[in-house]
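Trainee: pasted the sequence and its predicted model underneath.
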Amino acid sequence: MAVTIPRPAAPAAPVQAAPEYGTLPSYRGFLSWLTTVDHKRIGILYGCTAFAFFLLGGVEALMIRIQLATPNGTFVSPDAFNQLFTMHGTTMIFLFVMPMSVAFFNYIVPLQIGAPDVAFPRLNAFSYWTFLFGGIFMNASYFVDGLPDGGWFGYVPLTGPIYSPSMRIDFWMLGLQVLGVASLAGAFNFLVTIINMRAPGMSLMRMPIFTWNTLITSFLLIFAFPSITVGLILMMFDRFFGTNFYYAPNGGDPLLWQHLFWIFGHPEVYILILPAMGMVSEILPVFSKKPLFGYPFVVYATVAIGFIGFGVWSHHMFTTGLGPIANAFFAASTMLIAVPTGVKIFNWMFTMQGGAIRFTTAMLFAIGFVSMFTIGGLSGVMHAVVPIDMQHQDSYFVVAHFHYVLFGGAIFGILGGIHFWWPKFTGTMLSEKLGKWTFWLVFVGFNLTFGPMHFLGVDGMPRRIYTYSTFQGWSGWFGYDWLGWNMICTIGAFIIAIGILTFIYNAFHSLMGPKNAPNDPWDAATLEWSLPSPPPVYNFRVDPVVRSRDAWWSWKRRRQAVEAGENVATVTLAGHELGHVEFEEDHPSEEYLAQEANFTHGDPSTVHIPNPSFFPLIAALGLVTMAVGMIFSYVLAVVGFLYLIVAIGGWAMEPTG
Amino acid sequence: MVSIAHEVQSAHAPAHGAHGSHEPSVLDGPLSAPVGHHLPTTTGLDSRKLLMWLFLASDCMFFGSLIGTFMTYKGRSLIPPSPHEIFDIPYTSVSAFVLLMSSLTMVLALAAIQRNDPIRLRVWLITTALLGTVFIGGQYYEFHVFYQEGLNLQHSLFGSAFFTLTGFHGAHVTIGIFWLLYMTALSWTGRLNAEQPLFIEIAGLYWHFVDIVWIVIFTVVYLLP
Amino acid sequence: MVLDPKALDWAGRQGLDSAALKRAKVPIYGKWYFPDLPANEPLVNLSTGQIETFGPGYRAGAVLYVKEADLKQAGLGPYKAAAPAAPAAATPAAPAVPAEPVAAAVAAAPAAPVRPSAPAPAPAPVAHAPTTHHEVASSQEVRQETAHALGHATPLRGHAVEHAHPGSKEYLIIAAILAFITAVEVAVYYVPELRPFIFPILIVLSVIKFVMVVGYFMHLKFDHISFTWYFGGGLALALAMSMSVVVLQIATHGLPSGY
């Protein structure tokens, strides 16, 4: 029988205008950005800062490639080359991929779970400012003594006091500590937010998959970072106070650094990839018009990856002489971790299979992720075989592997996420045409850059060499000394650069255009798309009540089903059943569907918005001052510490409004 | 059996009243309650307490790495003294006892505020801080003695590992002492009364954690051969 | 799990919680689960235990209902055939629960599913409004009793249902045990006959101390199980990591042979 939903009556009282930033009792303009505690603004700050560091790291990469394009390169000195590859790695990992992921966590997760903000908004702001100052601090080394040059993994004793007497490594070491504080604070925040601030009805198995990935990434962060913190502390004590932790003549063991670093380092690479996997898991269903295939298995696989990821770290140390038993154990666990990863790949493929695929830019990047990450994963599993790893170690084969998973994986995912959520963040739409140019340029450039590195690695080219001779056999094609795979890699790198420039142009062009993006341009599945683009400062006027997975899709489809007079017990999307209902008797009522009225008639002035605050910024400054003081003057470190204490005190006493 | 009539006009939720004066509830969303009221959460657990437990889980990894470093290097110093030549076990066991008792006084402080007894609360808080200070003082004296006997940070692997591990533990205790004094001051000035039991509980969690780390350090560093 | 424990007064006294209901596959009608109330069926109000029936089109808010028929079928609450099988920890909780702050009942009273100042669309009648005043009265009484019993100026809200705390006396006993164990540890250190067994003895003793402080002083034994998982997970990971590093060190460099 046909059921009509009575259209909601006009509201009896006029709805109050939503409070905009300018009317809040505090700051306007530039100051409002310095004191913001709004997760959306902090997300934008993180995103812009991370992107700026991406460009910096990209320039460093281009300089590396120019130096290596031809044999006997003289573009940069060996010392400069060491600084370049160290900072390229450190910047891309700690200053781009991680903060960019956090930008998405910040903006998207509270919206996806129906929360008005994160659990601790000022801590959130503190994370950002600490990241910004930490990144600036580390790069400021350039003006002091040169950039850090010990590799992004800083192996001792090279980075110890004897072989790196300059201040470069001090900046690296303390910078990483500061960045670690930022990451930890953020991770704690997201954990509490996701555990404790979900909308009514959103059980864990009804959460969007991106939120799941955020949850697991945050657990990885809080358990992995303390290990590198300790490793860096021991290094700091060795460098500043003359201890013997890594000093072999007095009994210390350089391998201890490697253990502590990789106990962090391996979960770190999952920290880098899981957010991008989450983004891809959101994008693929939307543009296949099908719910994610095997949602519970994707969740379990992600949990398994997080868990097993703590048990594989010594696969970075196969060549250090741990012995056959240790090697065998870690080889086995490394191969094991490929299983849940494979499960996810299959789930993504089956999501697409049979779907009505729309090849938007975001979708192209997502499909690119699945294929390129698989290639990178295959070379990774090859490393798991210890005898082969003995050949791969420190060669360009490893460089090829991790760039396939990090660039073809994390960065493709991030670029896809940017194109997907751009309307939500900015209220404008990116040009699809320019987007496709971006994708193809980046895709072709990426494969040209890193594909040949597999061959170079197998041909014996080691990592971190600043140049090579013509006698190596890596160049000299058709009789030209300068022509070889390295030249192809360099050309590919510049093609990537052009692709990124295309994206930047696209972004600026859109931002200067009309802000007319609809709430839900893609017909997407999760709650953030039920809000205007960009969302109002308070997010939801009324707590959304969630009854299934893909909450927004279910909601839309049930409404359509009711209007069409269909059975609403099970709603479908292009023939595929939606959502996850727990009991068979779950019959949504017409009144539930009339909840739409809530979105337009709820009174936003009842929502509490946290007050802006200066203290996170001041505390972050105090922390970085301590880091500067540790290098230059302990008095300054004490001053920084006091500054930090005062800021924390003020923070604790300030009313939350 | 009560049957409820159908029609209810828009005069619903009278007890909620105007938004300025209503009793905060689940319905108003997570951040709607003014300060002093516990906000409804998905799990019913307070977010700040949850934060502290997660922090302690992370701190377990921190101390785990430090203790792991110590154990890795235990017995591998190339030069004397060895730990058992230099340790004064009776002395250290007294300071371990002092820290254990400080845990007791901490939990008594919590019990006091849960009984709404701010005077006892302050008494026990100050006692806890005092016991913590005694512990730190004892550590300081012990380190002084070791230093006199030739053991310092740079001297040997044992010296490096020992002083770093116990030094970081001592730093945690010191932060705890200042936190307890701050709580005492807050209680004195009467701020945030409604939230006090929770804040004392959270401070207590941190303090007990510091104590259990010492239980592990005492066993692993001092007692195990 | 997603249930607001503040609303569980009557249910708590019956030893019912969301876990028990979920195990029995009993749907819970309330804002956090299924907001739409089944029509023309006796429903049990989980806050007060009253049986209520609604016409079609009602939506529950913060007060929770289950179908009486479901409870009967599952044999839960007052329909239990055998003695209550509530876990031991819940038994001391039973008297504590009604003393638990019931401000939720006040909040539950006007259980409007939309924000209070939002005019509701006409076809969404709000459950509960007619029962508002007598619920408020009863909950206010309970609230006064609560405040009186606990001596709190304002009842605490938002707590998970916590069971009876150990009192001061229990804490003193635990502290005495801890001191005793410490003394035993030191004694073992000095007894030469026990030297070969010193490792397991000391480890067992310190584990006992550790568990007692964490369980009782940090209240983990009585708190929500999720805290145990988070802390336990971190602890287990830390143990595994440090042990692995030590083992790997022995594997590469042999047993310690220095000072």
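Mentor: Sure thing, it's come through.
Trainee: do you have the helices of chain B handy? List them.
Mentor: B:47-73, B:83-86, B:89-114, B:118-148, B:157-189, B:196-217 (DSSP state H).
Trainee: could you tell me the least trusted of those helices?
Mentor: Ranked by mean pLDDT, the helices of chain B bottom out at helix B:83-86, which scores a mean of 89.
Trainee: mean neighbour count added to the helices of chain B, as a markdown table?
Mentor: The way it works is simple: take the backbone N, C-alpha and C, and place the C-beta from them, glycine included. Output for these, formatted as a markdown table (neighbours: other C-beta atoms under 10 Å in any protein chain shown):
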| stretch | mean neighbour count |
| --- | --- |
| helix B:47-73 | 23 |
| helix B:83-86 | 14 |
| helix B:89-114 | 22 |
| helix B:118-148 | 18 |
| helix B:157-189 | 19 |
| helix B:196-217 | 23 |
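Trainee: and of these, who's closest to residue A:135?
Mentor: Proximity to residue A:135 (C-beta to C-beta) singles out helix B:47-73 among the helices of chain B, at 22.5 Å.
Trainee: which helices and strands does that closest one pack with?
Mentor: With contacts taken as 3 or more C-beta pairs under 8 Å, 6 or more residues apart in numbering or on different chains; DSSP states H and E, helix B:47-73 sits against helix A:168-196, helix A:209-241, helix A:254-288, helix B:157-189, helix B:196-217, helix C:225-253.
Trainee: tell me the contacts of residue A:84?
Mentor: A:60, A:63, A:64, A:67, A:76, A:147 (C-beta atoms under 8 Å, 6 or more residues apart in numbering or on different chains).
Trainee: quick one: contacts for the fifth one?
Mentor: Right, the one you point to is residue A:76. Here residue A:76 is in contact with A:63, A:67, A:84, A:466 (C-beta under 8 Å, 6+ apart).
Trainee: list the buried residues for the helix or strand where the third one lies?
Mentor: Okay, so that is residue A:84. If you go by DSSP states H and E, residue A:84 is part of helix A:78-90. By neighbour count with 16 or more other C-beta atoms under 10 Å in any protein chain shown, helix A:78-90 contains the buried residues A:81, A:82, A:83, A:84, A:85, A:86, A:87, A:88, A:89, A:90.
Trainee: dump those residues into CSV; add pLDDT as well.
Mentor: Converted to CSV, the buried residues of helix A:78-90 look like this (pLDDT from 0 to 100):
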residue, pLDDT
A:81, 97
A:82, 97
A:83, 97
A:84, 98
A:85, 97
A:86, 97
A:87, 98
A:88, 98
A:89, 97
A:90, 98
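Trainee: and the furthest pair within those?
Mentor: The widest separation within the buried residues of helix A:78-90 (C-beta to C-beta) is 14.9 Å, between A:81 and A:90.
Trainee: out of the buried residues of helix A:78-90, which comes closest to residue A:246?
Mentor: residue A:86 (18.2 Å).
Trainee: quick one: contacts for that closest one?
Mentor: By C-beta under 8 Å, 6+ apart, the neighbours of residue A:86 are A:147, A:148, A:149, A:150, A:151, A:152, A:172.
Trainee: by neighbour count, which of those residues wins?
Mentor: residue A:148 (29 neighbours; other C-beta atoms under 10 Å in any protein chain shown).
Trainee: which phi and psi values does it adopt?
Mentor: phi -60, psi 140 (degrees, to the nearest 10).
Trainee: try the one 3 residues further on
Mentor: Here the main-chain torsion angles of residue A:151 (degrees, to the nearest 10) amount to phi 90, psi 150.
Trainee: so which of the helices of chain B gets nearest residue A:295?
Mentor: Closest among the helices of chain B, using C-beta to C-beta: helix B:47-73, at 25.7 Å.
Trainee: re earlier: following element in sequence after the helix holding residue A:84, please.
Mentor: helix A:98-112.
Trainee: what angle separates that following helix from helix A:168-196?
Mentor: 10 degrees (axes from the mean of the first three to the mean of the last three C-alpha atoms, to 10 degrees).
Trainee: so how far is residue B:71 from the closest residue to residue B:69 other than its chain neighbours?
Mentor: The spatial neighbour of residue B:69 that comes closest, neighbours along the chain excluded (C-beta to C-beta, 6 or more residues apart in numbering or on different chains), is residue B:161 at 6.0 Å. From residue B:161 over to residue B:71 the distance is 9 Å, taken as C-beta to C-beta, to the nearest Å.
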